[in-house]
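Engineer: Give me coordinates for this.
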Amino acid sequence: MRILATALACLAVISAADAAVIINEVFINPPGSYDDTHEYVELLGTPGMKLDGYAVAFLNGYDRKFYLLGSIPPRPVAQEIDEFFSLDGLVLGANGLLVIGVGTQARYSTLLDDANFQRWNTIWNGGYDTPGKLQNDGSNTIMLIRNRPGETEADPSNPGGLRWGKDVAHDAELITPVEDPQEPGVFKDQWGNGALDKGQYDNIDRDTIDMRGYLTFEDVSDDLEIVDELSYEHDRGWEYDLDSRTVDIDGALPGLPERKVHALDDPQGLNPDVLTRVDYRTKGDGWAPAGGGTGQMGNGNNWQDTASEQWIRGESINGSGGEGASPWFYYSNADNDNPDAIQPYETQTPLWLDDQVGDDFDFTTAQYYQIMAGRVNPLAVTYIPGDCDRDGDCDQEDIDKLAAVFGDDDWVFSNSFADAPEGKDGDPAEQTRPWDVDGTGDNGVEASDMQWILNFQGDATGRIVGVCYDSMTPAAEGVVVNDNDGVTVAVTAALNIPSGHAASELVTGEVVELNVYAQVAAGADLTPGQENGVMQYVHDVLIGAPGVIRTIGVEALGDFNVTRAELQTRLGVDGDLGVETVNGYATAFDAGLAGPTALYRVVMKATDLGYATITVSPAGMPKFADSTPEGVKLGHTNNNGDPADSIYPPLNGVVVSAEGLLGDLDFDGDVDLSDLAALLAPYGACFGDPDYQAAADIDGDGCVNLSDLAALLANYGC
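Structural biologist: Below you'll find the model as predicted:
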């Protein structure tokens, strides 16, 4: 038989990687007339993350649920999506921040150069109405969503029509009669039910729209995905966070009644002007319930992501600082005598920012906490890119969590709403879904997500050296992420034939090993803490002709582990066309810097006479081609280099040819007792179960092996 095996080299550089995005700050109602020019929504996440497919929805819940019995129809004022911002084409800044503002960029004097900005009147919102100011009257829910059903900017002809857009009525059904809980015995018409519509009849004259993709729940891949949400109630309006888990059950502390896990409720009798996130983590064991209440976690605590334990919220004031059209704003520390206030001020904070332990919120200084667009919140718990289990660091647990779903497409994060297939009782500490994104903005986990965990492993600052986060001073501590321009990686491969035969002497049945290596061929950085060694690979190993040689298996070598073996798919018949998405990772930063490092071994077996080529190349599957465009990722780098001037010489072609004999197991050209020895070799020097050995031990040496077979054959024919 003849086999021509050629391993083609490839070049690799790293692209910007992505891992997570959350709502960070919302300035709903600046003082005076500044809401015309200074409102904003700020997002925080992995630096450089693309936001294609994401959107921010500001859902107004009005301030009224109940109407005189029999008064509907006509339809009352509808709860609607007050503002809607598609995030297609937008990117988080170098410090992980994106500010979407009602005014021009010049209005936001605190904005850092490392934060990105977009004016929201330039953003697609569905086309029903022109963008305006955020509705600060009534209850509101702020959602960060993606994978929404229906028409989008990228899919304007979707047959589902527009379901998410400005002025869409998201909660439009009549429920009657309903007893008013504040007027026992009095029945009324209720407009809405406090949940996003899902295509049901509105009890008046038509069906509602399907906001959730709920009617297609058999295929959850097209259902609404809620990445983050927050809500607050004003007067008697609706909140629309879909996570129906509750906290502080039967608690007695004023201002912290039982409520949904992402709901601020109405803790102080004020409609907040501004919401500032100070914790995004799940915090493992959760929060001890306030006021003698109980929580739904197994240990009796509240869920880790309790909204009132994450956010500062309150009134805003125009204070000293800033210039002209760009004033500075602060949280108000004026007195608040409302009996339901958690603290007696117009600003309310999580209790852990008012416990005299560590850094606390200063309620005694009039202009203590500045509201700053484009800067990391000063009292916030560190956000660490790649911390997919939200426990405050990047470690092997994050790697394992991401590796478990590496390569999965279209994961839907239900956020535990009751009607979701996942139910309503999921613990977010057990979920990775809010953090599963890729470099293209599509859903799924791939190489770019894992690279941030690898880059930030062991780091507790969450910062990149040289980037501005909360001031004009660049960070001096954190992870060093260097420019990758001019860095190349040569991927090479070599055949190994365990029998010792030359490549030109292969015969059918013979095992062939293809060992793949990588080395940083140009631009290597050996600086401690900045090494840019090979850390990930996603390759295809393709055989050019069927029926000649087939793939048996793949194993990671050296410093590398398989990320997810299930993705490594044999092609053709029994792998005779190769294997795709061979993948692996290393936690070391220096692999391939001092010389070629072994990545993996593909074990193959010659099956029939013929001629074939074997090619190693970057994965062709689009999600991996986009996420790892050159097949390999490096440590401590953050962008693509320029491969235009690089040369990728292939290995010298090797020709293998010989006709195999049936039964020639040791490949010596004939069939004899040595082939039988080769057949029995896997069993060792002694084999067989105890009951069998007594009869089969022909030569009486206490073992069943080749000598017994020889003794049997000696008597053959007698």
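Engineer: Tally up the residues packed near A711, please.
Structural biologist: A count of nearby residues for A711, using other Cβ atoms under 10 Å, gives 14. All C-beta spots, glycine's among them, are computed from the backbone N, C-alpha and C.
Engineer: same check, this time on L526
Structural biologist: L526 has 12 neighbours, counted by other Cβ under 10 Å.
Engineer: so how far is N532 from it?
Structural biologist: Distance from L526 to N532, counting by Cβ to Cβ, to the nearest Å: 9 Å.
Engineer: list the contacts for the residue nearest to D222 when sequence neighbours are not counted?
Structural biologist: Excluding the flanking residues, the one nearest D222 by Cβ to Cβ, 6 or more residues apart in numbering is G213, at 5.1 Å. By Cβ atoms under 8 Å, 6 or more residues apart in numbering, the contact set of G213 is 148-149, 222-224.
Engineer: who wins for neighbours among the residues you listed?
Structural biologist: Counting neighbours by other Cβ under 10 Å, L224 comes out on top of the contacts of G213 with 28 neighbours.
Engineer: what's around the closest residue in space to that one that isn't next to it in sequence, how many residues?
Structural biologist: The spatially closest residue to L224, leaving aside those adjacent along the chain, is R212, at 4.7 Å (Cβ to Cβ, 6+ apart). Residues near R212, counting by other Cβ under 10 Å, number 25.
Engineer: so what's R212 scoring on pLDDT?
Structural biologist: R212 is assigned a pLDDT of 86 by the prediction.
Engineer: Quick check: it touching L196?
Structural biologist: Yes: assessed by Cβ atoms under 8 Å, R212 is found in contact with L196 at 5.8 Å.
Engineer: Among the contacts of G213, which lie within helices?
Structural biologist: The members of the contacts of G213 all map outside helices under DSSP state H.
Engineer: A619: which of these is nearest?
Structural biologist: When the contacts of G213 are compared for distance to A619 (Cβ to Cβ), D222 comes out closest, at 25.4 Å.
Engineer: For the stretch 601-718 of the chain, give me the ranges with low pLDDT.
Structural biologist: Within the stretch 601-718 of the chain, the stretches with pLDDT under 70 are 638-696, 715-718.
Engineer: ditto for the stretch 201-350 of the chain
Structural biologist: Across the stretch 201-350 of the chain, the ranges flagged by pLDDT under 70 are 215-221, 266-267.
Engineer: Show me whatever sits in contact with both of R212 and L196.
Structural biologist: Contacts common to R212 and L196, judged by Cβ under 8 Å, 6+ apart, are L224.
Engineer: Longest strand in the chain, please.
Structural biologist: Scanning the chain for the strand with the most residues, using DSSP state E, yields strand 511-522.
Engineer: So what are the sheet partners of it and their directions?
Structural biologist: strand 488-496 (antiparallel), strand 597-606 (antiparallel) (DSSP bridges).
Engineer: Alpha carbons of that strand, in PDB - could you do that?
Structural biologist: Coordinates of each C-alpha in strand 511-522 appear next as PDB, following Å, rounded to 0.1, in the frame of the first residue of the first chain:
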ATOM      1  CA  VAL A 511      -0.100   1.800  13.800                       C
ATOM      2  CA  VAL A 512       1.000   5.300  12.900                       C
ATOM      3  CA  GLU A 513       1.300   8.200  15.400                       C
ATOM      4  CA  LEU A 514       1.100  11.800  14.300                       C
ATOM      5  CA  ASN A 515       2.700  14.000  17.000                       C
ATOM      6  CA  VAL A 516       1.800  17.700  16.700                       C
ATOM      7  CA  TYR A 517       4.100  20.500  18.200                       C
ATOM      8  CA  ALA A 518       3.900  24.300  18.500                       C
ATOM      9  CA  GLN A 519       6.600  26.900  19.000                       C
ATOM     10  CA  VAL A 520       6.400  30.700  19.200                       C
ATOM     11  CA  ALA A 521       8.600  31.300  16.200                       C
ATOM     12  CA  ALA A 522       8.700  35.100  16.400                       C
END
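Engineer: Now it: buried residues?
Structural biologist: For strand 511-522, a neighbour-count test (16 or more other Cβ atoms under 10 Å) marks 512, 514-521 as buried.
Engineer: just curious, which of those residues is nearest to H170?
Structural biologist: Using Cβ to Cβ, A518 comes nearest to H170 of the buried residues of strand 511-522, at 50.7 Å.
Engineer: tell me the contacts of the closest residue to R107 other than its chain neighbours?
Structural biologist: Once flanking residues are discounted, R107 sits nearest to T37: 5.0 Å by Cβ to Cβ, 6+ apart. By Cβ under 8 Å, 6+ apart, the contact list for T37 reads 102-104, 107, 325.
Engineer: Can you report phi and psi for T37?
Structural biologist: The phi and psi values for T37, taken as degrees, to the nearest 10, are phi -130, psi -10.
Engineer: same question, G192
Structural biologist: Per-residue torsions, G192: phi 100, psi 170 (degrees, to the nearest 10).
Engineer: Return the backbone torsion pair for the closest residue to it other than its chain neighbours.
Structural biologist: Closest residue to G192 apart from its sequence neighbours, by Cβ to Cβ, 6+ apart: D171 at 3.9 Å. Dihedral pair for D171: phi -150, psi 80, per degrees, to the nearest 10.
Engineer: The one 4 residues further on now?
Structural biologist: According to degrees, to the nearest 10, the main-chain angles of I175 amount to phi -120, psi 120.
Engineer: Near it, how many other residues are there?
Structural biologist: A count of nearby residues for I175, using other Cβ under 10 Å, gives 15.
Engineer: Now do the contacts for it.
Structural biologist: Counting by Cβ under 8 Å, 6+ apart, I175 touches 189-193, 203.
Engineer: From M450, how far out is T46?
Structural biologist: 12 Å.
Engineer: overlap in contacts of the two?
Structural biologist: Counting by Cβ under 8 Å, 6+ apart, the residues touching both T46 and M450 are G386.
Engineer: show me the contacts for the nearest residue to G126 once chain neighbours are set aside.
Structural biologist: In space, and not counting its chain neighbours, G126 is closest to G165: 1.9 Å by Cβ to Cβ, 6+ apart. Contact analysis of G165 by Cβ under 8 Å, 6+ apart lists 81, 84, 125-128, 151.
Engineer: Just these: which are in strands?
Structural biologist: The strands, defined by DSSP E, take in 81, 84 from these.
Engineer: need the contacts of G165 in JSON lines with neighbour count and pLDDT, can you?
Structural biologist: Putting the contacts of G165 into JSON lines (neighbours: other Cβ atoms under 10 Å; pLDDT from 0 to 100) gives the following:
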{"residue": "I81", "neighbour count": "25", "pLDDT": "97"}
{"residue": "F84", "neighbour count": "27", "pLDDT": "98"}
{"residue": "N125", "neighbour count": "23", "pLDDT": "97"}
{"residue": "G126", "neighbour count": "20", "pLDDT": "96"}
{"residue": "G127", "neighbour count": "13", "pLDDT": "93"}
{"residue": "Y128", "neighbour count": "13", "pLDDT": "93"}
{"residue": "E151", "neighbour count": "19", "pLDDT": "93"}
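Engineer: Now distance to E233 too, for the contacts of G165, in a markdown table please.
Structural biologist: Output for these, formatted as a markdown table (distance: Cβ to Cβ, whole Å):
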| residue | distance to E233 |
| --- | --- |
| I81 | 18 |
| F84 | 21 |
| N125 | 25 |
| G126 | 26 |
| G127 | 30 |
| Y128 | 26 |
| E151 | 30 |
